[in-house]
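[1] Pasting the sequence and the predicted model now:
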2 protein chains.
Amino acid sequence: MQNELSYEELQAAWPLLSLSERLEGFKLLVPAEADDFFLNLNARNQAELLLALPEGERRLWLRLLAPDDAADVIQETPPAERASLLALLDDSTRTEVTALLSYAEDEAGGLMNPRYARVRPEMTINEAISYLRRQARERLETIYYAYVLDAQQHLLGVVSFRELFAAPGDKKIQEVMRSDMVTVSEQMDQEAVSQLFAQHDLIALPVVDAEWHMKGIVTVDDIVDVVQEEATEDIQKIGGMEALDGPYLQIDFAHMVRKRAGWLSALFLGEMLTATAMGYYEREIERAVVLALFIPLIISSGGNSGSQASTLVIRAMALGEVRLRDWWRVIRREIFAGFALGTILGAIGLMRILLWPARAQLYGEHYILVALTVAASLVGVVLFGTIAGSMLPFILRRLGFDPASASAPFVATLVDVSGLIIYFTVASIILHGILL
Amino acid sequence: MQNELSYEELQAAWPLLSLSERLEGFKLLVPAEADDFFLNLNARNQAELLLALPEGERRLWLRLLAPDDAADVIQETPPAERASLLALLDDSTRTEVTALLSYAEDEAGGLMNPRYARVRPEMTINEAISYLRRQARERLETIYYAYVLDAQQHLLGVVSFRELFAAPGDKKIQEVMRSDMVTVSEQMDQEAVSQLFAQHDLIALPVVDAEWHMKGIVTVDDIVDVVQEEATEDIQKIGGMEALDGPYLQIDFAHMVRKRAGWLSALFLGEMLTATAMGYYEREIERAVVLALFIPLIISSGGNSGSQASTLVIRAMALGEVRLRDWWRVIRREIFAGFALGTILGAIGLMRILLWPARAQLYGEHYILVALTVAASLVGVVLFGTIAGSMLPFILRRLGFDPASASAPFVATLVDVSGLIIYFTVASIILHGILL
């Protein structure tokens, strides 16, 4: 007989295992730990494991899940398998899961749990507590708040368990409930829902439809996952790629390369404009090769300052700190910031050339003018990069795209071409009649 | 008499207001909304508002806060003010807050709430429920789980409210409690705590000391803020700057410029190596100016692919998907990915030069060899960028730095110098005796 496997051992090895090894490992778990292990997998892994199990064993594991989690798992399976999985659920859960499947994955309805604690406004506290004890025995999943509904399931108010427990037993629910509540609609985007949670420090939010009927609750434990997920998407976009939809080491290699190659090629096509721009300045470079030496330095400074500015604005937008109409305040700030940063880099660049021991051999007799050209270009390029980087997320959002697509590489590419133009324009002014 | 102000109006205007305007607006709130408004401010804003209020009014607002929130607010005030604020608390809260102030802000102890629901193992369910109702009336802040403690305050187990409510009233707590729990230590880093929450989908985790004494609970609503905060820090570092510690529009301008100028100057100094490297190739550029045209295109492709790779790895590390010992699996994947991506870009570059209408005028009679040079360099530079970008976060973490510091601009700067060397080396091999 084979040895048993511990929870921790299987968890550590999990990302490295093939599906059949996972199934084998899962079967070797101590029975008492297997259900915890299954519950803590993400929906995609639960779905894979479920479909790998013999049909007779699927029901047990699927029924272990709360309706919102079961809906997530079914969403992860191929459409052909869904009907047979739904058939494994008991009638009332199947109705709930089917209703949940009709919501998009990233809206409040898709995150919602239809099982919540409900009481009536005219109950006394003592009645409510024993009524909740009866509900808990039957099918309640989560109790942090009890929702007060009328006979038509309209949401009238909410009582936290703390308030319920703290109130005298003979008071009526309607005397202790709060009726000014934060609610979410079924279609609200999950990013907006997570901002509400962050703002209000709540454990659960009720989901209501247009007629104020209570549909379910969204709990904050699901929101932690949402916040992680949204931040991951933003970070990957900022890094200059399409967001992957799975953990790095588990995602299919060809799929990942496609996601990365798409953006990389688009950026490359954009960056080709630099070769075209450089073509226009070929004669200048021929006359003063010294100008070529500083091209990487100057364009990368523009890219770096633009990437700082766009990242700041993207994140501030995602957190709701900056809205579309704030663009004017942002640009005013960034003009000053860009000017300050450009001046700092320009000063460093000036010093670097003027104080370099071999300056006259390397940069020619007019090294002072070359230094001035580099310094003045740096001020212009950094200023331009900062403005472009900070405004691009606004433009993207205004046009209906995700501002996070204003990635560091995208901004850098945009700034590179303009950086070259700024540099050679400054050079032609300062060095006219001398080197050019 | 002035009009009253609504919650929403003040919230919308808040970021734009000076401190004295905020105070004025806060005083104009409908009294019933003022306490909600105050509770939903972040700790920094609560601290500012509190210190702006006349001394006589401070006590009311400070006592509104739970001990962990009061500790956060006091942490945000200048050290000279702290003693006088602590004096406003009642004796037992002051003891709790003073204990919380001794923890670092970013460890579990600093997030913890010392008020939690406690029961004894030998109580019956009915006794426990009425005991909890008594606790709630006194000073309980949060009830999702009841923690089972012995007389020495050792943590024995936990009962969720759902289990408590669902169990028959005459069963003993020790019969329904779970004793295999996830716990955190007081010193655990908040990022590790948030990963535990994301893995286990829990609402609260108990904090215990080395002797297994229960110290408090960390609740998931505080974790949403932590997750947001940590993602913001990472995103700002990935954008190539030090993390700001406040909302973009509210942070002091000089402070922000300093944070950005530091990294920008460091990157600029690194990027100066490109000017040095270009100095070595001045003779080659003089002979074949056509080579200069593709410099921005080639080095930026290396930077872009490096930035993709580093962002992916940084995020996977932050989510715990990739650990230090996985470096070998990552580099194997990235070598293949870098080669594939480099080949794609190289092919596009080759086509671009070979099919360009004015190819012979622009790139000279040897344009086919120039195209081969560009394509081969692209494969090398993208491969190098991908490997460097994916390994840098591992190296930084191994050396004890934050892997998120492997920002897009940092990687780009690193790759720029090596990109130039690769390009000119490839050129000297392919074009030797022809153009060079």
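    Yep, that arrived.

[2] ok now do the residue nearest the centre of chain A, which residues does it touch?
    With distances taken as Cα atoms, centre = their mean, chain A has A:E230 as the residue nearest its mean C-alpha position (1.8 Å). Contacts for A:E230 were tallied using Cβ atoms under 8 Å, 6 or more residues apart in numbering or on different chains; they are A:Q190, A:E191, A:S194, A:A318. C-beta: built from backbone N, CA, C; applies to glycine.

[3] is it true that the third one touches A:I223?
    Yes: here A:S194 lies in contact with A:I223, judged by Cβ atoms under 8 Å, at a distance of 5.0 Å.

[4] tell me, what's touching these two both at once?
    Shared between the contact lists of A:S194 and A:I223 (criterion: Cβ under 8 Å, 6+ apart) are residues B:V224.

[5] what's the nearest residue to whatever residue of the stretch 251-400 of chain A ends up closest to chain B if we skip its chain neighbours?
    Nearest residue of the stretch 251-400 of chain A to chain B, counting by Cβ to the nearest Cβ: A:T311, 2.6 Å away. Spatial nearest neighbour of A:T311, chain neighbours left out: B:G239 (2.6 Å); criterion: Cβ to Cβ, 6 or more residues apart in numbering or on different chains.

[6] that older thread, residues contacting the residue of the stretch 251-400 of chain A closest to chain B?
    Each residue near A:T311 by Cβ under 8 Å, 6+ apart is listed here: A:I238, A:A408, B:I235, B:Q236, B:I238, B:G239, B:G240, B:M241.

[7] Nearest to B:I299 among these?
    Minimum distance to B:I299 across these is 14.7 Å, recorded for A:A408 (Cβ to Cβ).

[8] Quick check: which ranges of the stretch 51-200 of chain A have low pLDDT?
    Using pLDDT under 70 as the threshold, the predicted model of the stretch 51-200 of chain A has low-confidence ranges A:138-143.

[9] And for A:T93, nearest residue in space, chain neighbours not counted?
    With Cβ to Cβ, 6+ apart as the criterion, A:T93 has its nearest non-adjacent residue at 5.6 Å, and that residue is A:P67.

[10] Surely that neighbour and A:N113 touch.
    Yes: counting by Cβ under 8 Å, A:P67 does reach A:N113; the two are 6.7 Å apart.

[11] The two: which is more packed in?
    Taking neighbours as other Cβ atoms under 10 Å in any protein chain shown, A:P67 and A:N113 compare with A:P67 leading, 24 against 21.

[12] any idea which helix or strand carries the residue of the stretch 251-400 of chain A closest to chain B?
    Taking DSSP states H and E as the definition, one finds A:T311 inside helix A:295-318.

[13] tell me which residues of that helix are tucked away?
    With burial defined by 16 or more other Cβ atoms under 10 Å in any protein chain shown, the residues of helix A:295-318 counted as buried are A:295-318.

[14] What angle do helix B:295-318 and it make with each other?
    With axes from the mean of the first three to the mean of the last three Cα atoms, to 10 degrees defining the directions, helix A:295-318 sits at 40 degrees from helix B:295-318.

[15] Restricting to C-alpha, output helix A:295-318 in PDB.
    Presented in PDB, the C-alpha positions along helix A:295-318 are these (Å, rounded to 0.1, in the frame of the first residue of the first chain):
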ATOM      1  CA  ILE A 295      21.100  59.100 -28.800                       C
ATOM      2  CA  PRO A 296      20.500  56.100 -26.400                       C
ATOM      3  CA  LEU A 297      21.000  58.300 -23.400                       C
ATOM      4  CA  ILE A 298      18.600  61.000 -24.500                       C
ATOM      5  CA  ILE A 299      15.800  58.800 -25.700                       C
ATOM      6  CA  SER A 300      15.900  56.500 -22.800                       C
ATOM      7  CA  SER A 301      15.700  59.400 -20.300                       C
ATOM      8  CA  GLY A 302      12.500  60.400 -22.100                       C
ATOM      9  CA  GLY A 303      11.200  56.900 -21.900                       C
ATOM     10  CA  ASN A 304      12.000  56.500 -18.200                       C
ATOM     11  CA  SER A 305      10.400  59.800 -17.100                       C
ATOM     12  CA  GLY A 306       7.300  58.900 -19.300                       C
ATOM     13  CA  SER A 307       7.000  55.500 -17.700                       C
ATOM     14  CA  GLN A 308       7.100  57.000 -14.200                       C
ATOM     15  CA  ALA A 309       4.400  59.500 -15.000                       C
ATOM     16  CA  SER A 310       2.100  57.000 -16.800                       C
ATOM     17  CA  THR A 311       2.500  54.400 -14.000                       C
ATOM     18  CA  LEU A 312       1.600  56.900 -11.400                       C
ATOM     19  CA  VAL A 313      -1.500  58.100 -13.200                       C
ATOM     20  CA  ILE A 314      -2.700  54.500 -14.100                       C
ATOM     21  CA  ARG A 315      -2.500  53.400 -10.500                       C
ATOM     22  CA  ALA A 316      -4.200  56.600  -9.200                       C
ATOM     23  CA  MET A 317      -7.000  56.000 -11.700                       C
ATOM     24  CA  ALA A 318      -7.400  52.300 -10.700                       C
END
